[in-house]
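J.: got a structure for you, letters missing:
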């Protein structure tokens, strides 16, 4: 039987976050509906952050409430930088959030204005306040930092251990600025899976240096079953200079389907959706399939 | 010791071939000089084709003659579609040519207006006429054809055997329209290396479906030591609908250097060259490193 790979679409958060123009609630919901129709079962649908920091996410509550209502059977979750964000998620009935902390402390300070101690203290508060909510951790700059460069895997392991000791059992290894290479991804994934065999790992890869597809495949072949991507390759990190979009979901699905993995996603409808959204929502799209003439 | 990977730059042929505007001889030579300065030792520098078919290559003799004079120590070769092209190459003292034949017969007819029988007869004539010249074969559509779809590996093996029987010992497996996937590349490379252990194989991968880097890496990890790419990702095949550029040389070199392979190429100077050429020669560039702000 074909191995199942779970595509985790993060366009509604990491894609939209990087857009200059505000996308109205109805459009965001239409986008999420389209992804669900194509067979996507896992989505990071928004982030509960300060609207001053990221104005695009000012409608997070409305988007999340409606999406949860429309798609009660899907794994829909949100990014939260702090207890306040987690509180909002909990209040509207969201069952899962991901708390972002950068492995690089300088990046953590630039991104969420916290030291590691402050971030882990906040994570502890979130865990204590909402014992019934799934809390995963997005490990930003897991494969390297634009300020600090590569970070030894032992530091990643210690970092994960701090969250593990607070009860966290799910992590996303984020290549925030596309600094990873396939050999490093394999090494890191093998190490963390060996050290934390009872944890689930996701990979969140950026395509900044053209290794998005190769690194995502490396993560999968090293044993990761959940890979994040954005429709059309829309997105990036506004706090990391030079960071371009994530791996494009439809390009990734095409590769995995062609290789014989089971994604459960209808490629044709996904590409049609990506083409359609590219027309409707202006932004930087790094996907390739959307740019191939339909006749080809 | 690190494994040596030989980067074979094909931008002066496959990149320029796809440009609408003519690039003058001096610019082409400056381009080749820049590549040599960055440490590139292998280059497909032009093609000896009818100027009516590809006007960009009307200066092939001038470019090749000057480049051979300036870089006598490098492996500089040209693409030839027929005996006439090989004769021209031979006349100016070129030691190596590559004769292109498509694995897909319908693509062969579209590309060079010949049946397989006609192409192999021409290859035999080239081999007979110039026994002192290295003649390799570019196997176009080796991983799939826009007209015929995927082609069974057994047909590739029979195709290679026909050329092998004519004395050919070097082949380039070309993913002309970017239809390959990493699993297929591994399977094909393993098969042909097993069937033809005394032959050298190169991989020529297009990035049409965003698998350029992953497929090139798959070829390398399956045992191929020579990989083709174009500076900046410039290029494509004008006879294959939807085909975009090759894998970008500098992106590939970056990945391989980061992974610990030995390329012998200075990345910084290569990226600077790619950025410079992008300014000077307008075209479609799919490379990523050239688009990262220098501050990143």
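T.: Cool, the structure landed. Everything quoted here is computed from the prediction, not taken from an experiment.
J.: what about the helices in chain A?
T.: A:25-37, A:60-70, A:83-91, A:105-112, A:116-129, A:153-164, A:182-195, A:212-221, A:249-259, A:267-280 (DSSP state H).
J.: what inclination does the second one have with respect to helix A:25-37?
T.: I take that to be helix A:60-70. Angle, helix A:60-70 to helix A:25-37, by axes from the mean of the first three to the mean of the last three C-alpha atoms, to 10 degrees: 40 degrees.
J.: that older thread, redo the helices of chain A as TSV? Include distance to chain B and mean neighbour count.
T.: C-betas here are computed from N, CA, C, even on glycine. Output for the helices of chain A, formatted as TSV (distance: least, C-beta to the nearest C-beta, whole Å; neighbours: other C-beta atoms under 10 Å in any protein chain shown):
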stretch	distance to chain B	mean neighbour count
helix A:25-37	19	18
helix A:60-70	28	19
helix A:83-91	28	19
helix A:105-112	13	19
helix A:116-129	24	17
helix A:153-164	15	17
helix A:182-195	4	18
helix A:212-221	4	27
helix A:249-259	4	25
helix A:267-280	11	18
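J.: how about TSV for these, with mean pLDDT added?
T.: Listed next are the helices of chain A as TSV, based on pLDDT from 0 to 100:
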stretch	mean pLDDT
helix A:25-37	97
helix A:60-70	98
helix A:83-91	98
helix A:105-112	94
helix A:116-129	98
helix A:153-164	98
helix A:182-195	98
helix A:212-221	98
helix A:249-259	98
helix A:267-280	95
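J.: Which among those is found nearest to residue B:213?
T.: helix A:212-221 (4.6 Å; C-beta to C-beta).
J.: hmm, who's touching the closest one?
T.: Residues outside helix A:212-221 that contact it (C-beta atoms under 8 Å, 6 or more residues apart in numbering or on different chains) are A:5, A:173, A:175, A:178, A:180-183, A:185-186, A:189, A:203, A:205-207, A:227, A:229, A:233, A:246-248, A:251-252, A:255-256, A:261, A:286, B:182, B:210-211, B:213-214, B:217, B:255.
J.: can you redo the helices of chain A as JSON lines with distance to residue B:52?
T.: Converted to JSON lines, the helices of chain A look like this (distance: least, C-beta to C-beta, whole Å):
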{"stretch": "helix A:25-37", "distance to residue B:52": "47"}
{"stretch": "helix A:60-70", "distance to residue B:52": "58"}
{"stretch": "helix A:83-91", "distance to residue B:52": "65"}
{"stretch": "helix A:105-112", "distance to residue B:52": "57"}
{"stretch": "helix A:116-129", "distance to residue B:52": "66"}
{"stretch": "helix A:153-164", "distance to residue B:52": "58"}
{"stretch": "helix A:182-195", "distance to residue B:52": "44"}
{"stretch": "helix A:212-221", "distance to residue B:52": "38"}
{"stretch": "helix A:249-259", "distance to residue B:52": "37"}
{"stretch": "helix A:267-280", "distance to residue B:52": "36"}
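J.: residues contacting the closest residue to residue A:195 other than its chain neighbours?
T.: The shortest distance from residue A:195 to any residue that is not its chain neighbour, by C-beta to C-beta, 6 or more residues apart in numbering or on different chains, is 5.5 Å, and that residue is residue A:157. By C-beta under 8 Å, 6+ apart, the contact set of residue A:157 is A:191, A:192, A:195.
J.: any idea how far residue A:177 is from the residue in the stretch 1-150 of chain A positioned nearest to chain B?
T.: Chain B sits closest to residue A:146 of the stretch 1-150 of chain A, with a gap of 6.3 Å, by C-beta to the nearest C-beta. Note on residue A:146: its distance to residue A:177, by C-beta to C-beta, to the nearest Å, is 5 Å.
J.: Counting neighbours, go ahead and name the busier of these two.
T.: Taking other C-beta atoms under 10 Å in any protein chain shown, residue A:146 and residue A:177 do not tie; residue A:177 has more neighbours (27 against 23).
J.: from what I can see that one touches residue A:208, true?
T.: Yes. Assessed by C-beta atoms under 8 Å, residue A:177 is found in contact with residue A:208 at 5.7 Å.
J.: Identify the residues contacting residue A:150.
T.: A:143, A:144, A:179, A:184.
J.: how about a cut-off of 10 Å?
T.: Residues counted as contacts of residue A:150 (C-beta atoms under 10 Å, 6 or more residues apart in numbering or on different chains) are A:141, A:143, A:144, A:179, A:180, A:181, A:184, B:258.
J.: Phi first, then psi, for the second one.
T.: So the one you mean is residue A:143. phi -110, psi 10 (degrees, to the nearest 10).
J.: okay, now it: neighbour count?
T.: Using other C-beta under 10 Å, residue A:143 has 26 other residues around it.
J.: correct me, but it touches residue A:180?
T.: Yes. In this structure, residue A:143 is within contact of residue A:180 by C-beta atoms under 10 Å, at 3.6 Å.
J.: okay, and the common contacts of the two?
T.: Joint contacts of residue A:143 and residue A:180 (C-beta under 10 Å, 6+ apart) are A:150, A:173, A:174, A:188, A:203, A:205, A:206, A:215.
J.: any idea which of those is least confident?
T.: Within these, residue A:206 has the lowest pLDDT, namely 92.
J.: so what pLDDT did the nearest residue to that residue once chain neighbours are set aside get?
T.: Distances taken as C-beta to C-beta, 6+ apart place residue A:178 nearest to residue A:206, at 4.0 Å, with adjacent residues excluded. What the model reports for residue A:178 is a pLDDT of 91.
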